[in-house]
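> return a 3D structure for these sequence lines:
(one chain, ligands or ions: 2)
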Amino acid sequence: MKVGKSIISNNIKELIIRRPDDWHVHLREGLLLEAVLPFTARQFARAIVMPNLTEPVTNTIEAEGYRSLILKALAKENVTREFIPLMTAYLTDMTKASDLARGYSEGIFAAAKLYPANSTTNSAHGVSDMAKLKAVLNKMEDIGMPLLIHGEVTDAAVDVFDREAVFIRKILKPLINEYPKLKVVLEHITTSDAVDFVSSMKGKVAATITAHHLIINRNSLFQGGFQPHNYCLPVAKRERHRMALRKAVTSGDPWFFLGTDSAPHTIKDKETNCGCAGIFSAPSALELYATVFEEEGVIEKFENFASIYGPAYYGLEINAGTVTLTREECMVPQRVTVADGTEIKPFLAGKVLGWRLKDKP
Ligand code: NCD
Ligand code: ZN
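Ligands and ions are numbered 1, 2, ... in the order given. All right, here's what the predicted structure looks like:
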(Lines give C-alpha, C1' and ligand atoms only; values in the text may rest on other atoms or scores of the structure.)
(Ligands and ions follow the chains in the order given, each with its own letter.)
Protein backbone atom coordinates (compact mmCIF):
# COMPACT_ATOMS: atom_id res chain seq x y z
CA MET A 1 0.00 0.00 0.00
CA LYS A 2 2.72 2.45 1.05
CA VAL A 3 4.75 1.68 -2.08
CA GLY A 4 1.75 2.36 -4.32
CA LYS A 5 1.25 5.67 -2.62
CA SER A 6 4.81 6.81 -3.10
CA ILE A 7 4.79 5.78 -6.76
CA ILE A 8 1.77 7.98 -7.32
CA SER A 9 3.41 10.80 -5.36
CA ASN A 10 6.65 10.64 -7.25
CA ASN A 11 5.06 10.54 -10.65
CA ILE A 12 2.70 13.45 -10.41
CA LYS A 13 4.55 16.74 -10.61
CA GLU A 14 1.61 18.89 -11.45
CA LEU A 15 -2.06 18.61 -10.76
CA ILE A 16 -4.42 20.52 -13.03
CA ILE A 17 -8.04 20.52 -11.98
CA ARG A 18 -11.15 22.42 -12.95
CA ARG A 19 -11.39 25.57 -10.92
CA PRO A 20 -12.98 24.48 -7.63
CA ASP A 21 -15.66 26.04 -5.43
CA ASP A 22 -15.83 26.39 -1.68
CA TRP A 23 -19.27 25.27 -0.53
CA HIS A 24 -18.95 26.80 2.95
CA VAL A 25 -16.89 29.81 3.91
CA HIS A 26 -17.02 32.75 6.32
CA LEU A 27 -15.87 35.96 4.66
CA ARG A 28 -16.89 38.35 7.48
CA GLU A 29 -17.21 42.09 6.81
CA GLY A 30 -15.23 45.33 7.03
CA LEU A 31 -11.44 45.12 7.26
CA LEU A 32 -11.52 41.42 8.06
CA LEU A 33 -13.40 40.79 4.81
CA GLU A 34 -10.77 42.71 2.87
CA ALA A 35 -7.99 40.74 4.53
CA VAL A 36 -9.39 37.24 3.98
CA LEU A 37 -11.35 37.47 0.73
CA PRO A 38 -8.34 37.43 -1.67
CA PHE A 39 -7.31 34.00 -0.38
CA THR A 40 -10.67 32.46 -1.19
CA ALA A 41 -11.04 34.30 -4.51
CA ARG A 42 -7.61 33.21 -5.69
CA GLN A 43 -8.46 29.54 -5.36
CA PHE A 44 -12.17 29.23 -5.83
CA ALA A 45 -14.48 30.43 -8.60
CA ARG A 46 -17.49 30.53 -6.31
CA ALA A 47 -18.13 30.22 -2.63
CA ILE A 48 -21.19 29.69 -0.49
CA VAL A 49 -20.89 32.63 1.86
CA MET A 50 -22.13 32.15 5.38
CA PRO A 51 -24.62 34.73 6.64
CA ASN A 52 -23.59 34.79 10.32
CA LEU A 53 -22.36 38.37 10.47
CA THR A 54 -22.67 40.16 13.79
CA GLU A 55 -26.05 41.25 12.44
CA PRO A 56 -27.00 38.17 10.44
CA VAL A 57 -28.08 38.31 6.81
CA THR A 58 -31.71 37.27 7.10
CA ASN A 59 -33.48 38.57 4.00
CA THR A 60 -33.03 39.33 0.32
CA ILE A 61 -32.25 43.01 0.77
CA GLU A 62 -29.57 42.32 3.37
CA ALA A 63 -28.05 39.63 1.16
CA GLU A 64 -27.85 42.04 -1.78
CA GLY A 65 -26.16 44.54 0.52
CA TYR A 66 -23.65 41.99 1.75
CA ARG A 67 -22.95 40.77 -1.76
CA SER A 68 -22.14 44.29 -2.91
CA LEU A 69 -19.76 44.72 0.06
CA ILE A 70 -17.95 41.57 -1.07
CA LEU A 71 -17.77 42.78 -4.67
CA LYS A 72 -16.44 46.14 -3.49
CA ALA A 73 -13.79 44.44 -1.38
CA LEU A 74 -12.73 42.37 -4.40
CA ALA A 75 -12.23 45.54 -6.42
CA LYS A 76 -10.40 47.25 -3.57
CA GLU A 77 -8.04 44.29 -3.16
CA ASN A 78 -7.42 44.19 -6.94
CA VAL A 79 -8.68 40.64 -7.31
CA THR A 80 -8.86 40.25 -11.06
CA ARG A 81 -9.98 36.63 -11.27
CA GLU A 82 -13.70 36.28 -11.51
CA PHE A 83 -15.19 35.27 -8.18
CA ILE A 84 -18.87 34.79 -7.53
CA PRO A 85 -20.11 34.95 -3.96
CA LEU A 86 -23.16 32.71 -3.56
CA MET A 87 -25.28 34.23 -0.85
CA THR A 88 -27.20 32.44 1.86
CA ALA A 89 -30.11 33.41 4.06
CA TYR A 90 -29.79 32.99 7.78
CA LEU A 91 -33.03 31.33 8.87
CA THR A 92 -34.71 32.67 11.98
CA ASP A 93 -38.05 32.08 13.64
CA MET A 94 -39.23 35.14 11.67
CA THR A 95 -38.04 34.21 8.13
CA LYS A 96 -40.70 34.80 5.49
CA ALA A 97 -41.11 32.04 2.91
CA SER A 98 -42.10 34.60 0.28
CA ASP A 99 -38.93 36.66 0.72
CA LEU A 100 -36.76 33.56 0.56
CA ALA A 101 -38.48 32.40 -2.63
CA ARG A 102 -38.07 35.83 -4.20
CA GLY A 103 -34.36 35.96 -3.34
CA TYR A 104 -33.87 32.48 -4.72
CA SER A 105 -35.73 33.10 -7.95
CA GLU A 106 -33.86 36.37 -8.50
CA GLY A 107 -30.55 34.59 -8.08
CA ILE A 108 -29.61 36.46 -4.91
CA PHE A 109 -29.83 33.46 -2.63
CA ALA A 110 -28.23 30.15 -3.52
CA ALA A 111 -29.36 28.45 -0.31
CA ALA A 112 -30.62 29.02 3.22
CA LYS A 113 -28.72 28.23 6.38
CA LEU A 114 -30.11 26.64 9.49
CA TYR A 115 -28.29 27.35 12.73
CA PRO A 116 -29.98 25.84 15.73
CA ALA A 117 -30.09 28.85 18.11
CA ASN A 118 -26.78 29.34 19.94
CA SER A 119 -25.03 26.42 18.29
CA THR A 120 -21.97 28.43 17.22
CA THR A 121 -20.43 31.87 16.62
CA ASN A 122 -23.10 34.53 16.02
CA SER A 123 -25.97 32.09 16.03
CA ALA A 124 -28.05 33.62 18.80
CA HIS A 125 -30.68 34.57 16.22
CA GLY A 126 -30.95 30.98 14.96
CA VAL A 127 -34.02 28.80 14.88
CA SER A 128 -35.40 27.92 18.33
CA ASP A 129 -38.02 25.43 17.20
CA MET A 130 -38.15 23.55 13.90
CA ALA A 131 -41.95 23.71 13.95
CA LYS A 132 -41.65 27.45 13.32
CA LEU A 133 -40.00 26.76 9.97
CA LYS A 134 -42.85 24.76 8.47
CA ALA A 135 -43.94 27.28 5.84
CA VAL A 136 -40.34 28.10 4.97
CA LEU A 137 -39.30 24.48 4.54
CA ASN A 138 -42.41 23.64 2.52
CA LYS A 139 -41.56 26.49 0.19
CA MET A 140 -37.89 25.50 -0.07
CA GLU A 141 -38.90 21.96 -0.88
CA ASP A 142 -41.24 23.22 -3.63
CA ILE A 143 -38.68 25.45 -5.30
CA GLY A 144 -35.65 23.17 -4.82
CA MET A 145 -33.72 25.64 -2.65
CA PRO A 146 -30.98 23.86 -0.68
CA LEU A 147 -31.07 23.88 3.12
CA LEU A 148 -27.60 24.03 4.67
CA ILE A 149 -27.49 22.73 8.19
CA HIS A 150 -25.17 23.29 11.11
CA GLY A 151 -25.86 19.86 12.53
CA GLU A 152 -25.42 20.14 16.26
CA VAL A 153 -27.99 20.15 19.03
CA THR A 154 -27.58 23.01 21.45
CA ASP A 155 -28.84 21.27 24.57
CA ALA A 156 -26.20 21.96 27.23
CA ALA A 157 -26.91 18.56 28.76
CA VAL A 158 -25.57 16.81 25.64
CA ASP A 159 -21.82 16.25 25.62
CA VAL A 160 -20.12 18.59 23.15
CA PHE A 161 -18.56 15.63 21.31
CA ASP A 162 -21.97 13.96 20.86
CA ARG A 163 -23.91 16.94 19.59
CA GLU A 164 -23.64 16.07 15.91
CA ALA A 165 -24.68 12.45 16.34
CA VAL A 166 -27.62 13.45 18.54
CA PHE A 167 -28.66 16.10 16.01
CA ILE A 168 -28.75 13.52 13.24
CA ARG A 169 -30.89 11.18 15.31
CA LYS A 170 -33.25 13.65 16.89
CA ILE A 171 -33.58 16.47 14.38
CA LEU A 172 -32.24 15.56 10.95
CA LYS A 173 -33.90 12.19 10.44
CA PRO A 174 -37.37 13.45 11.42
CA LEU A 175 -36.79 16.59 9.27
CA ILE A 176 -36.01 14.52 6.21
CA ASN A 177 -39.00 12.30 6.83
CA GLU A 178 -41.23 15.34 7.04
CA TYR A 179 -39.75 17.05 3.95
CA PRO A 180 -38.64 14.17 1.75
CA LYS A 181 -37.91 16.32 -1.29
CA LEU A 182 -35.91 18.96 0.54
CA LYS A 183 -32.34 19.37 -0.71
CA VAL A 184 -30.17 19.15 2.37
CA VAL A 185 -26.46 19.74 2.89
CA LEU A 186 -25.17 18.65 6.27
CA GLU A 187 -22.23 20.95 6.76
CA HIS A 188 -18.74 20.38 8.05
CA ILE A 189 -19.39 16.83 9.17
CA THR A 190 -17.11 15.48 11.87
CA THR A 191 -18.28 12.00 12.83
CA SER A 192 -18.60 8.50 11.47
CA ASP A 193 -22.28 8.81 12.40
CA ALA A 194 -22.62 11.64 9.87
CA VAL A 195 -20.64 9.77 7.21
CA ASP A 196 -22.82 6.68 7.66
CA PHE A 197 -26.02 8.65 7.65
CA VAL A 198 -25.18 10.66 4.53
CA SER A 199 -23.96 7.52 2.73
CA SER A 200 -27.19 5.72 3.60
CA MET A 201 -29.22 8.51 1.99
CA LYS A 202 -27.63 7.77 -1.40
CA GLY A 203 -27.61 11.32 -2.66
CA LYS A 204 -30.75 12.72 -1.02
CA VAL A 205 -28.49 14.44 1.50
CA ALA A 206 -25.03 15.81 0.78
CA ALA A 207 -22.26 16.84 3.16
CA THR A 208 -19.32 19.19 3.10
CA ILE A 209 -16.03 18.20 4.70
CA THR A 210 -13.39 20.65 5.88
CA ALA A 211 -9.65 20.23 5.42
CA HIS A 212 -9.02 20.63 9.14
CA HIS A 213 -11.38 17.84 10.19
CA LEU A 214 -9.47 15.57 7.80
CA ILE A 215 -6.19 16.59 9.40
CA ILE A 216 -6.67 16.96 13.14
CA ASN A 217 -8.48 15.03 15.82
CA ARG A 218 -9.47 16.24 19.25
CA ASN A 219 -6.03 15.58 20.71
CA SER A 220 -4.70 18.55 18.73
CA LEU A 221 -6.76 20.85 20.90
CA PHE A 222 -4.72 19.92 23.93
CA GLN A 223 -1.24 19.05 22.64
CA GLY A 224 1.34 20.72 24.88
CA GLY A 225 -1.30 23.03 26.30
CA PHE A 226 -4.59 24.35 24.96
CA GLN A 227 -4.43 25.19 21.26
CA PRO A 228 -7.11 27.78 20.53
CA HIS A 229 -6.34 27.88 16.81
CA ASN A 230 -7.45 24.25 16.50
CA TYR A 231 -10.78 25.03 18.12
CA CYS A 232 -13.80 25.18 15.88
CA LEU A 233 -17.39 24.02 15.86
CA PRO A 234 -18.27 21.31 15.37
CA VAL A 235 -15.22 20.52 17.46
CA ALA A 236 -12.77 17.92 16.08
CA LYS A 237 -13.62 14.42 17.31
CA ARG A 238 -11.79 11.17 18.06
CA GLU A 239 -9.28 9.68 15.64
CA ARG A 240 -11.72 7.04 14.43
CA HIS A 241 -14.05 9.81 13.27
CA ARG A 242 -11.25 11.54 11.37
CA MET A 243 -10.54 8.21 9.70
CA ALA A 244 -14.21 7.90 8.74
CA LEU A 245 -14.07 11.34 7.12
CA ARG A 246 -10.96 10.34 5.17
CA LYS A 247 -12.74 7.21 4.03
CA ALA A 248 -15.69 9.33 2.93
CA VAL A 249 -13.60 11.63 0.74
CA THR A 250 -11.63 8.76 -0.73
CA SER A 251 -14.82 6.81 -1.47
CA GLY A 252 -15.43 9.00 -4.48
CA ASP A 253 -19.10 9.22 -3.50
CA PRO A 254 -20.62 12.32 -5.07
CA TRP A 255 -22.49 13.41 -1.96
CA PHE A 256 -19.29 14.40 -0.18
CA PHE A 257 -17.70 17.62 -1.39
CA LEU A 258 -15.42 20.46 -0.41
CA GLY A 259 -16.42 23.13 2.09
CA THR A 260 -13.56 24.71 4.02
CA ASP A 261 -15.57 26.36 6.80
CA SER A 262 -12.66 28.77 6.89
CA ALA A 263 -13.77 30.95 9.81
CA PRO A 264 -11.29 33.73 10.60
CA HIS A 265 -11.08 35.41 13.99
CA THR A 266 -8.29 37.73 15.04
CA ILE A 267 -5.65 36.32 17.36
CA LYS A 268 -6.94 38.56 20.11
CA ASP A 269 -10.42 37.03 19.76
CA LYS A 270 -9.02 33.49 19.80
CA GLU A 271 -6.40 33.80 22.52
CA THR A 272 -8.59 35.16 25.26
CA ASN A 273 -11.12 34.24 27.86
CA CYS A 274 -13.97 32.63 26.01
CA GLY A 275 -12.07 32.47 22.70
CA CYS A 276 -14.06 32.23 19.48
CA ALA A 277 -14.62 28.98 17.61
CA GLY A 278 -13.33 28.93 14.06
CA ILE A 279 -10.33 27.74 12.07
CA PHE A 280 -8.91 29.97 9.35
CA SER A 281 -7.82 27.63 6.57
CA ALA A 282 -8.38 29.82 3.51
CA PRO A 283 -4.74 30.77 2.81
CA SER A 284 -3.73 27.16 2.06
CA ALA A 285 -7.06 25.41 1.56
CA LEU A 286 -6.34 23.62 -1.72
CA GLU A 287 -2.84 22.60 -0.67
CA LEU A 288 -4.20 21.14 2.57
CA TYR A 289 -6.87 19.10 0.81
CA ALA A 290 -4.43 17.95 -1.90
CA THR A 291 -2.08 16.75 0.83
CA VAL A 292 -4.84 14.63 2.36
CA PHE A 293 -5.86 13.10 -0.98
CA GLU A 294 -2.26 12.30 -1.73
CA GLU A 295 -1.67 10.75 1.69
CA GLU A 296 -4.67 8.53 1.01
CA GLY A 297 -3.28 7.59 -2.40
CA VAL A 298 -6.28 9.00 -4.28
CA ILE A 299 -5.04 12.28 -5.68
CA GLU A 300 -6.91 11.45 -8.90
CA LYS A 301 -10.18 11.77 -6.97
CA PHE A 302 -9.42 15.28 -5.75
CA GLU A 303 -10.94 17.08 -8.73
CA ASN A 304 -14.34 15.48 -8.31
CA PHE A 305 -14.44 16.38 -4.65
CA ALA A 306 -13.22 19.94 -5.16
CA SER A 307 -14.78 20.93 -8.46
CA ILE A 308 -17.44 18.56 -9.77
CA TYR A 309 -19.67 17.10 -7.05
CA GLY A 310 -20.61 20.43 -5.45
CA PRO A 311 -22.00 22.06 -8.58
CA ALA A 312 -23.76 18.80 -9.47
CA TYR A 313 -25.61 18.78 -6.16
CA TYR A 314 -26.49 22.48 -6.40
CA GLY A 315 -27.56 22.10 -10.05
CA LEU A 316 -24.94 24.59 -11.25
CA GLU A 317 -22.47 24.49 -14.11
CA ILE A 318 -18.95 23.25 -13.53
CA ASN A 319 -16.43 26.11 -13.74
CA ALA A 320 -14.72 26.72 -17.06
CA GLY A 321 -11.14 27.47 -15.99
CA THR A 322 -8.56 25.38 -14.19
CA VAL A 323 -6.11 25.76 -11.32
CA THR A 324 -2.71 24.12 -11.14
CA LEU A 325 -1.02 22.71 -8.09
CA THR A 326 2.65 21.96 -8.42
CA ARG A 327 4.79 19.66 -6.35
CA GLU A 328 6.77 22.29 -4.53
CA GLU A 329 7.18 23.16 -0.92
CA CYS A 330 4.81 25.82 0.26
CA MET A 331 4.66 27.24 3.74
CA VAL A 332 1.35 28.12 5.35
CA PRO A 333 1.68 31.83 6.22
CA GLN A 334 2.49 32.54 9.86
CA ARG A 335 0.07 35.44 10.07
CA VAL A 336 -2.35 37.40 7.96
CA THR A 337 -2.45 41.07 8.87
CA VAL A 338 -5.66 43.07 8.83
CA ALA A 339 -5.49 46.75 7.83
CA ASP A 340 -6.10 47.85 11.43
CA GLY A 341 -2.94 46.02 12.50
CA THR A 342 -4.68 43.03 14.09
CA GLU A 343 -3.59 39.59 12.97
CA ILE A 344 -5.15 36.25 12.13
CA LYS A 345 -3.29 32.97 12.55
CA PRO A 346 -3.99 30.47 9.78
CA PHE A 347 -4.54 26.78 10.40
CA LEU A 348 -1.15 25.01 10.66
CA ALA A 349 0.67 28.35 10.42
CA GLY A 350 4.31 27.86 9.43
CA LYS A 351 3.89 24.26 8.30
CA VAL A 352 5.53 23.35 5.02
CA LEU A 353 3.20 21.50 2.66
CA GLY A 354 4.21 19.53 -0.41
CA TRP A 355 1.86 21.22 -2.87
CA ARG A 356 1.75 24.79 -4.04
CA LEU A 357 -0.99 26.56 -5.90
CA LYS A 358 0.62 27.95 -9.03
CA ASP A 359 0.75 31.73 -9.32
CA LYS A 360 0.69 31.99 -5.57
CA PRO A 361 2.21 35.31 -4.65
C1 NCD B 1 -17.89 29.62 12.56
C2 NCD B 1 -17.64 31.11 12.69
O3 NCD B 1 -16.67 31.50 13.32
O4 NCD B 1 -18.42 31.90 12.16
N5 NCD B 1 -17.09 28.93 13.51
C6 NCD B 1 -16.67 27.66 13.42
O7 NCD B 1 -16.06 27.19 14.38
N8 NCD B 1 -16.89 26.93 12.36
C9 NCD B 1 -19.33 29.31 12.72
C10 NCD B 1 -19.70 27.95 12.19
O11 NCD B 1 -19.69 27.69 11.01
O12 NCD B 1 -20.05 27.10 13.01
ZN1 ZN C 1 -19.09 27.67 9.19
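> and stretch 91-106, what's buried?
Leu91, Thr92, Thr95, Ala97, Asp99, Leu100, Ala101, Gly103, Tyr104 (16 or more other C-beta atoms under 10 Å). (C-beta placed from N, C-alpha, C; glycine too.)
> can you measure across that stretch, start residue to end residue?
Start-to-end span of stretch 91-106 (C-alpha to C-alpha, to the nearest Å) is 18 Å.
> same question, stretch 121-130
20 Å.
> and of the buried residues of stretch 91-106, the nearest to Pro254?
Taking C-beta to C-beta as the measure, Pro254 lies nearest Tyr104 of the buried residues of stretch 91-106, at 23.0 Å.
> around ligand 1, pick out the residues from the stretch 151-300 of the chain.
Residues of the stretch 151-300 of the chain that fall close to ligand 1, judged by C-beta under 6 Å from any ligand atom: Cys232, Leu233, Asp261, Ala263, Cys276, Ala277, Gly278.
> any idea of the pLDDT on the second one?
In this case it means Leu233. What the model reports as pLDDT for Leu233 is 97.
> which SS state does it fall under?
coil (DSSP: H, G, I helix; E, B strand; the rest coil).
> contact partners of stretch 112-129?
50-54, 56, 58, 88-93, 95, 100, 133, 136, 140, 145-150, 152-154, 163, 167, 171, 233, 263, 265, 276-278 (C-beta atoms under 8 Å, 6 or more residues apart in numbering).
> that stretch: which residues count as buried?
Result for stretch 112-129 [16+ other C-beta under 10 Å]: buried residues 112-116, 119-123, 125-127.
> check stretch 24-44 too.
24-28, 32-44.
> out of those residues, which are close to ligand 1?
His26.
> inside helices: which ones of the buried residues of stretch 24-44?
Counting by DSSP state H, the part of the buried residues of stretch 24-44 found in helices is Leu32, Leu33, Glu34, Ala35, Val36, Leu37, Pro38, Phe39, Thr40, Ala41, Arg42, Gln43.
> nearest to Ile318 among these?
Gln43 (15.8 Å).
> strands along the stretch 201-350 of the chain, start to end?
205-209, 256-258, 322-326, 330-331, 336-337, 343-344 (DSSP state E, counting those that start in this stretch).
> which helices and strands does the second one pack with?
This means strand 256-258. Identification of packing neighbours for strand 256-258 by 3 or more C-beta pairs under 8 Å, 6 or more residues apart in numbering; DSSP states H and E yields strand 21-25, strand 205-209, helix 309-314.
> please identify the pairing partners of that strand and their relative orientation?
strand 205-209 (parallel) (DSSP bridges).
> just the fourth one next, same as before
Paired with strand 330-331 in the same sheet, following DSSP bridges, are strand 352-353 (antiparallel).
> what about the strand it pairs with, average pLDDT?
98.
> flag the shaky bits of this protein, pLDDT-wise.
Counting by pLDDT under 70, the chain contains low-confidence residues at 1-11, 119-120, 360-361.
> contact partners of the longest helix along it?
In the chain, assigned by DSSP H, the helix with the most residues is helix 60-76. Residues outside helix 60-76 that contact it (C-beta under 8 Å, 6+ apart) are 27, 29, 33-34, 37, 41, 49, 51, 53, 57, 83, 85, 87-89, 99-100, 102-103, 106, 108-109.
> tell me which helix or strand comes right after it.
Towards the C-terminus, the helix or strand next in line after helix 60-76, according to DSSP states H and E, is strand 84-90.
> who are the packing partners of that next one?
By 3+ C-beta pairs under 8 Å, 6+ apart, strand 84-90 packs against strand 46-49, helix 60-76, helix 97-105, strand 109-114.
> partner strands of it and their direction?
Assessed with DSSP bridges, strand 84-90 is paired to strand 46-49 (parallel), strand 109-114 (parallel).
> so which of these comes closest to ligand 1?
Ligand 1 lies closest to strand 109-114 among those, at 9.0 Å (C-beta to the nearest ligand atom).
> and that closest one, how far out from the chain middle?
Distance, stretch centre to chain centre, for strand 109-114: 13 Å (C-alpha atoms, centre = their mean, to the nearest Å).
> so that strand versus helix 97-105, what angle?
140 degrees (axes from the mean of the first three to the mean of the last three C-alpha atoms, to 10 degrees).
> now do strand 109-114 against helix 60-76, angle only.
Going by the same axes, to 10 degrees, strand 109-114 makes 110 degrees with helix 60-76.
> next helix or strand past strand 109-114?
helix 134-143.
> list the buried residues for that next one?
Quick answer for helix 134-143 (16+ other C-beta under 10 Å): Val136, Leu137, Lys139, Met140, Glu141.
> tell me the contacts of the last one?
In this structure, Glu141 makes contact with Tyr179, Lys181, Leu182, judged by C-beta under 8 Å, 6+ apart.
> quick check, the first one in contact with Leu137.
Yes - shown here, Tyr179 and Leu137 form a contact pair, counting by C-beta atoms under 8 Å, at 5.2 Å.
> next, count neighbours for Ala207.
27 (other C-beta atoms under 10 Å).
> isn't it up against Val198?
Yes - between Ala207 and Val198 there is a contact under C-beta under 8 Å: 4.5 Å.
> now do the shared contacts for those two.
Leu186, Ile189, Ala248, Trp255, Phe256.
> what distance do you get for the residue lying closest to the last one once chain neighbours are set aside to Lys301?
Using C-beta to C-beta, 6 or more residues apart in numbering and skipping the chain neighbours, the partner closest in space to Phe256 is Ala248 (4.9 Å). Here Ala248 is placed at a distance of 11 Å from Lys301 (C-beta to C-beta, to the nearest Å).
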